[in-house]
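Asks: A predicted structure for the sequence below; I have some questions about it.
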Amino acid sequence: MDENVLEMVDIVKVFPGVIANDRVNFSLKAGEIHALLGENGAGKTTLMNILYGIYRMDSGVIKVDGRKVTIRSPRDAIKLGIGMVHQNFKLIPAHTVVENVILGSEKNGFILDLKKSGEEIKNLASSFGLKVDPFSEVWKLSMGERQRVEILKLLYKNVRIMILDEPTAVLTPQEKRELFSSLREMSSKGKSIIFITHKLDEVLEISDRVTVLRRGKNVATKVTKETNKIELANLMIGRPIIFEYSKNPQKLSGLVLKVENVRVLDEEGNVRLKGVSFSLNGGEIVGVAGIAGNGQKELAEAITGLKRVSSGKIFVRGKDLTNASPKKFFDNGVLFIPEERLGVGTAPNLSIAENLILKSYDNKLFSGPVFLNFDAIQKFAEKLVKDFEILCSSVNVPVKFLSGGNLQKVVLARELGNIINNAGGNVIVAMYPTRGLDVGATEYVRKLFLKMRDEGNAIIFFSEDLEEILSISDRVFVMFDGRIVGEIDSSEADVEKIGLMMAGSVAS
Ligand SMILES: Nc1ncnc2c1ncn2[C@@H]1O[C@H](COP(=O)(O)OP(=O)(O)OP(=O)(O)O)[C@@H](O)[C@H]1O
Ligand SMILES: [Mg+2]
């Protein structure tokens, strides 16, 4: 089965100021799972948007089953059997699964027999091991379930080349395992899958071959079995990468945060945080594991002053800050990296430099007696761009032109840039700090956390990525249903056990 179902030859796509795809070649075999690996801004989404008819290439050739094709729209792509699941799903929340799946499908003509279609979809779903209730409304579904609906939509249209753009970014470890087993099922039934990612472990786990893009060029295509994590990282980044973080021995510098029996209600009066207590010391990193929606957001917001607590106490370095304002928390050295970094995070038309100082405009470093000190701003921005490896032609380009991951980096650089030079004793509260970041930027953030820890700060971060939690934490908390259900020393942590706690099936 060595026939190529798809060939992309010498694909070129230029955006103002960047060559997003610079003579890229890519081929796909029937039944193959082919990973498309690359750092933020490498050109992965662009290449696939070309294949799916969203962007027009400037030059190049696309062949399907050996025949040259022209793809001008997603409709053209679907007709050729090519489908794409974007990173941000486009389902209609008020509709049911069936309605979403058959919407836009030509099978149904005008008459919709929802019950019959529902059965059909159920069968289709179960034949690929995709668990979904066809009659559920989409707004009720988890991100994992929504993704399955997106995949079903394509299977229903009989797509045989399926493009998934960073599909695991929104999944829990369990959901990821389920997705992978469905992908294997699809490939065994002859479907070809293009799997976009910048996570090396996923490439090694799921793909048959891997194509690596770097700065718009393809640097290699490898048979997955014949490569390894170190080689792939090197190809992707162009330099070696650390996977094992050497942690300095811990030097605890006293209690900085004490949380006592804190409860938080949501707008409807439901209890979201059901009595949480813990202490944090300077010089330690605590990773909080848990499936999103089990109180992590409420906890993070309670200890940064963003959410009122209905009972309980919060002390920062002995000072009672229960229900104080976010500014008060900030002034007492409690710093927050929120989850929603994009929506609230950036001003699209402002430059990278301007975005980087959005929050620190009153910082003495940048303001002279009357004017902002542009020189200082420029230097500050250039340093952050370098540290976080933000891919851009200059710090003066508007952030709206950045790739998804590079935009993430700008916001994170801004949040962390303000605290990099602090002297210790702070509490840093970070939600999913490396989500959407590539290996290089992830490494930088983790090293920065370790450095801040060694300088005597306390760091508490929330993540769904157990590997991440175990790689840098000193202690691990597991949250489930509004409580901390487990506390484990990371040197004794066991991934399977934490996974079960996350699902609520084991008490510590
Ligand atoms: N519509 C656009 N207008 C201008 N520049 C763009 C546009 N889309 C992408 N680019 C640029 O093309 C380059 C490649 O972007 P692309 O989105 O393909 O990267 P990616 O590999 O998918 O990265 P990520 O992992 O961050 O999603 C980036 O430098 C990006 O800024
Ligand atoms: Mg992308």
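Replies: Looks like it arrived, so ask away. Ligands and ions are numbered 1, 2, ... in the order given.

Asks: can you map out the helices along the stretch 51-200 of the chain?
Replies: Using DSSP state H, counting those that start in this stretch, the helices of the stretch 51-200 of the chain run over 74-79, 97-102, 114-127, 143-156, 173-188, 200-206.

Asks: nope, the stretch 401-508 of the chain is what I meant
Replies: Under DSSP H, counting those that start in this stretch, the stretch 401-508 of the chain gives helices at 404-417, 439-454, 466-472, 495-502.

Asks: Nearest to ligand 2, out of those helices?
Replies: Of all the helices of the stretch 401-508 of the chain, it is helix 404-417 that lies closest to ligand 2, at 4.9 Å by Cβ to the ion. Just so you know, the C-beta spots here come from the backbone N, C-alpha and C atoms, and that holds for glycine as well.

Asks: Could you check how far Arg146 is from ligand 1?
Replies: 19 Å (Cβ to the nearest ligand atom, to the nearest Å).

Asks: just to revisit the earlier point, rank the helices of the stretch 51-200 of the chain by pLDDT, which is bottom?
Replies: When these are ranked by mean pLDDT, helix 97-102 comes last with a mean of 81.

Asks: Could you list every helix and strand that it packs against?
Replies: Judged by 3 or more Cβ pairs under 8 Å, 6 or more residues apart in numbering; DSSP states H and E, helix 97-102 is in contact with helix 114-127, helix 143-156.

Asks: neighbouring contacts of it?
Replies: Surrounding helix 97-102, the residues in contact under the criterion Cβ atoms under 8 Å, 6 or more residues apart in numbering are 91-92, 108, 112, 114, 117-118, 121, 132-138, 141, 149, 152-153, 156.

Asks: out of those, which are buried?
Replies: Those of the contacts of helix 97-102 that meet the buried threshold are Leu91, Ser117, Gly118, Ile121, Val132, Pro134, Val138, Leu141, Val149, Leu152, Lys153, Tyr156, by 16 or more other Cβ atoms under 10 Å.

Asks: Tell me which two in the residues you listed are the farthest apart.
Replies: Using Cβ to Cβ, the buried ones among the contacts of helix 97-102 span at most 17.8 Å, a distance reached by Ser117 and Leu141.

Asks: What is the burial count for Asn261?
Replies: 13 (other Cβ atoms under 10 Å).

Asks: got the contact list for the residue lying closest to it once chain neighbours are set aside?
Replies: Among residues not flanking Asn261 along the chain, Gly312 sits closest, at 4.4 Å (Cβ to Cβ, 6 or more residues apart in numbering). The contact partners of Gly312, taken as Cβ under 8 Å, 6+ apart, are Val259, Glu260, Asn261, Val262, Arg263, Gly275, Val276, Ser277, Thr322.

Asks: Please pick the buried ones from those residues.
Replies: Buried among those by 16+ other Cβ under 10 Å: Val259, Val262, Arg263, Val276, Thr322.

Asks: isn't Val476 right next to Ile498, touching?
Replies: Yes - with contacts counted by Cβ atoms under 8 Å, Val476 reaches Ile498, the gap being 6.8 Å.

Asks: residues shared between the contacts of these two?
Replies: With Cβ under 8 Å, 6+ apart as the test, Val476 and Ile498 both reach Ala289, Gly486, Ile488.

Asks: Let me have these in a markdown table, extended by distance to ligand 2, neighbour count and pLDDT.
Replies: Output for the shared contacts of Val476 and Ile498, formatted as a markdown table (distance: Cβ to the ion, whole Å; neighbours: other Cβ atoms under 10 Å; pLDDT from 0 to 100):
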| residue | distance to ligand 2 | neighbour count | pLDDT |
| --- | --- | --- | --- |
| Ala289 | 26 | 29 | 92 |
| Gly486 | 35 | 21 | 92 |
| Ile488 | 35 | 20 | 91 |
